[in-house]
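Asker: Structure, please.
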Amino acid sequence: MINRVSTASQYQNLTSNLMRKQGELNQTNGQLSSGKRVETTGDDPVSSVTIQNYRQQLTQIDQYNSAITLANNRLQTMETAIAGVEDNLGATKQKVLGMINGAMASNDRTAFKDELISLRDGLLELANSRDEAGNYVFAGNQSDTKPFMEATDGSMDYYGDSQSRYAQIDKSVNVKTSLPGDQLFTDVPNRYGDFRPVFSDGAGGLTDGSKLHLLSATTSDFSSAEAIEVSFNEVDVAAADGTTTKEMQYNLTVGGKVVAANQAYDSEQGIVYKDPVAADSATLNLKFGDISSGDNISLKPAQTINIFDSIQSAIDNAERPTSSPAAEANLQRVIDDLDSGFVHMNQQRSEVGTIMQQVDRQQEQHLDFELTLNQAQSGLEDLDYSKAIMDMNQQMMALQASQQAFGQTKQLSLFNYI
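Answerer: Below you'll find the predicted structure:
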């Protein structure tokens, strides 16, 4: 059986074939110009879905990297400020040590006082440090509020909160980007333990030439801690053979009540007291050094100190007479406070350094994962140029052949054979 094909049908088939080959060539040219094998979902539906997932993950990594950059800037600002505080406390300690020198003239002590005021102002400036965005570094979550301001009595009031700001640097990783100012400056651990000494001159205070200082003062239950007063007297104690020896005795007052009187003081053990009546009462442990007969000292409950108050105490005692044992004892207490403050700041700085290391490690992980994703995306999306060029050459040859066939077919007619 002979099938008849109309001229119109044949022309339409050749035209469709020509357009299809022209389209394939245009697509290959487009891929070569963009360097992408998959430009639309229609190019490869299966690969297109995977490529879109890769792009979403890369976008998320870009967001995390931006958060890491912000976190690093804040942490570096904070680390620099804390390092400045350490330097400030070290310089302040040197000035206070110089003031304890009793040979100093009054003019020298006045000059030291002025330098202490300058150092305190510098410390205040560091405590009110800002980051690159103008936010206060040590204000907790109150980043727009100036954290420390001086009161009329010279003390420093804190207006921030006790919270820390955080930055999300991975799906389940949040890191601190700030430390609250009260944690750094007003909650410095008390070097003596649970009580803070208060010194005064004259009756009820230190005797002339006294070098009394507190070594430690702790309680087993700080919630029940009360003010303490201790007085010392050296007495003659008669032995069985009639000889006498010198013995340092103490009187202990807790919460205004005398709980121990004329008890021998053991320099090794110190004072250990527990209420003999109440079974669950707290145990006090107090140790002192360089005791003189007639010395009296008061202790107030305090587990933390305010470093600004300590420096203010040095300023207040700067111009007191060099003969005042209380002034010297207060300045020695300031030195102990500054030592504790320096250690505290060093620990806080170490914490910041640990966070910075964590951020750096997380950034390296993001970079590694980003490289892996880019390679995987490239394998699906990018064009194999050598294969594409070979395809283009074949498509051009096929197109040319189709064009020639189309031209020849278009000229076919029965009149050519008559």
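Asker: Please name the bridge partners of P189.
Answerer: Bridge pairing for P189 (DSSP bridges) gives the partners T304.
Asker: The nearest residue to T244 once chain neighbours are set aside and I61: what is the separation?
Answerer: Of all residues not flanking T244 in the chain, D236 sits nearest, at 4.4 Å (CB to CB, 6 or more residues apart in numbering). (Glycine included, C-beta is placed from N, CA and C.) According to CB to CB, to the nearest Å, D236 and I61 sit 82 Å apart.
Asker: Next: L184.
Answerer: 33 Å.
Asker: and if you look at R191?
Answerer: Taking CB to CB, one finds R191 at 47 Å from I61.
Asker: Compare neighbour counts for these two and give me the winner.
Answerer: Legend: neighbour count by other CB atoms under 10 Å for R191 and I61, higher for R191 (20 against 17).
Asker: wait, doesn't that one sit right on L338?
Answerer: No: using CB atoms under 8 Å as the test, R191 is too far from L338 to be in contact (9.5 Å).
Asker: Next, give phi and psi for the closest residue in space to D290 that isn't next to it in sequence.
Answerer: Take D290 and drop its neighbours on the chain: the residue closest to it by CB to CB, 6+ apart is K211, 3.9 Å away. When quoted as degrees, to the nearest 10, the phi and psi of K211 stand at phi -120, psi 20.
Asker: Likewise for E132?
Answerer: phi -70, psi -20.
Asker: Over to A327?
Answerer: Here is the backbone geometry of A327 (degrees, to the nearest 10): phi -60, psi -40.
Asker: Count residues in the vicinity of it, would you?
Answerer: A327, neighbours per other CB under 10 Å, totals 22.
Asker: L284 too?
Answerer: Neighbour tally, L284, other CB under 10 Å: 26.
Asker: what's the nearest residue to it if we skip its chain neighbours?
Answerer: Y273 (4.5 Å).
Asker: So which bits of stretch 236-256 are buried?
Answerer: Judged by neighbour count using 16 or more other CB atoms under 10 Å, the buried positions of stretch 236-256 are M248, Q249, Y250, N251, L252, T253, V254.
Asker: Can you check the distance spanned by it, start to finish?
Answerer: End-to-end span of stretch 236-256 (CA to CA, to the nearest Å): 28 Å.
Asker: what does it rub up against?
Answerer: By CB atoms under 8 Å, 6 or more residues apart in numbering, the residues outside stretch 236-256 that reach it are 226-235, 258-265, 271, 273, 284, 291, 293.
Asker: Write the PyMOL selection for whichever of those are buried.
Answerer: To isolate the buried subset of the contacts of stretch 236-256 in PyMOL, counting by 16+ other CB under 10 Å, use the following:
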select buried, resi 226+228+229+230+231+232+233+259+265+271+273+284+291
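Asker: Just the ones of the contacts of stretch 236-256 in strands?
Answerer: 228-235, 258-264, 271, 273, 284 (DSSP state E).
Asker: D208 sits in which helix or strand?
Answerer: Per DSSP states H and E: D208 is located in neither a helix nor a strand.
Asker: for the stretch 1-150 of the chain, which spans come out with low pLDDT?
Answerer: The model of the stretch 1-150 of the chain has pLDDT under 70 over residues 1-51, 54, 102-106.
Asker: just checking, H366 touches S66?
Answerer: No: with contact defined as CB under 8 Å, H366 and S66 do not form a contacting pair (10.8 Å).
Asker: Those two - which one has more neighbours?
Answerer: Remark: of H366 and S66, H366 carries more neighbours, 18 against 12, as counted by other CB under 10 Å.
Asker: Can you name the residues that contact that one?
Answerer: The contact partners of H366, taken as CB under 8 Å, 6+ apart, are I61, Y64, N65, I68, D170.
Asker: Most neighbours of all the residues you listed, which one?
Answerer: Going by other CB under 10 Å, Y64 tops the contacts of H366 with 22 neighbours.
Asker: just checking, what packs against the helix or strand that contains that residue?
Answerer: Using DSSP H and E, Y64 maps to helix 45-100. With contacts defined as 3 or more CB pairs under 8 Å, 6 or more residues apart in numbering; DSSP states H and E, helix 45-100 has these neighbours: helix 106-127, strand 166-170, helix 307-317, helix 325-381.
Asker: okay, the angle between the last one and strand 166-170?
Answerer: When you say that, I think you mean helix 325-381. 30 degrees (axes from the mean of the first three to the mean of the last three CA atoms, to 10 degrees).
Asker: coming back round to it: doesn't S281 make contact with the residue nearest to L284?
Answerer: No: in this structure, Y273 is not within contact of S281 by CB under 8 Å, at 9.3 Å.
Asker: The residue nearest the centre of the chain - nearest residue in space that isn't next to it in sequence?
Answerer: Closest to where the C-alpha atoms of the chain average out (CA atoms, centre = their mean) is V352, at 3.9 Å. Spatial nearest neighbour of V352, excluding adjacent residues (CB to CB, 6+ apart): E79 at 4.8 Å.
Asker: can you tell me how far the one you found sits from L179?
Answerer: 10 Å.
Asker: Spell out which residues are contacts of both of the two.
Answerer: V352.
Asker: Between these two, which is the more surrounded one?
Answerer: More neighbours surround L179 than the other of E79 and L179, with 22 against 18 (other CB under 10 Å).
Asker: SS state for the more buried one?
Answerer: Here L179 is recorded as coil under DSSP: H, G, I helix; E, B strand; the rest coil.
Asker: show me the residues around it that make contact.
Answerer: M78, V137, F138, S164, Q348, E351, V352.
Asker: Kindly report the same for K95.
Answerer: F112, E115, L116, L119, A314.
Asker: ok, those residues vs Q56, which is closest?
Answerer: L119 (53.6 Å; CB to CB).
Asker: Name the nearest residue to the closest one, sequence neighbours excluded.
Answerer: Taking CB to CB, 6+ apart, and ignoring the residues beside it in sequence, L119 has T92 as its nearest neighbour in space, at 4.8 Å.
Asker: Low-confidence stretches in the stretch 151-300 of the chain?
Answerer: For the stretch 151-300 of the chain (pLDDT under 70), the answer is none.
Asker: With neighbour count and distance to I100 added, can I get the contacts of K95 in a markdown table?
Answerer: Listed next are these as a markdown table, based on neighbours: other CB atoms under 10 Å; distance: CB to CB, whole Å:
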| residue | neighbour count | distance to I100 |
| --- | --- | --- |
| F112 | 20 | 10 |
| E115 | 17 | 15 |
| L116 | 22 | 13 |
| L119 | 21 | 16 |
| A314 | 26 | 10 |
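Asker: can you list those residues in JSON lines and add distance to Q142?
Answerer: JSON lines is the format used below for the contacts of K95 (distance: CB to CB, whole Å):
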{"residue": "F112", "distance to Q142": "35"}
{"residue": "E115", "distance to Q142": "32"}
{"residue": "L116", "distance to Q142": "29"}
{"residue": "L119", "distance to Q142": "26"}
{"residue": "A314", "distance to Q142": "29"}
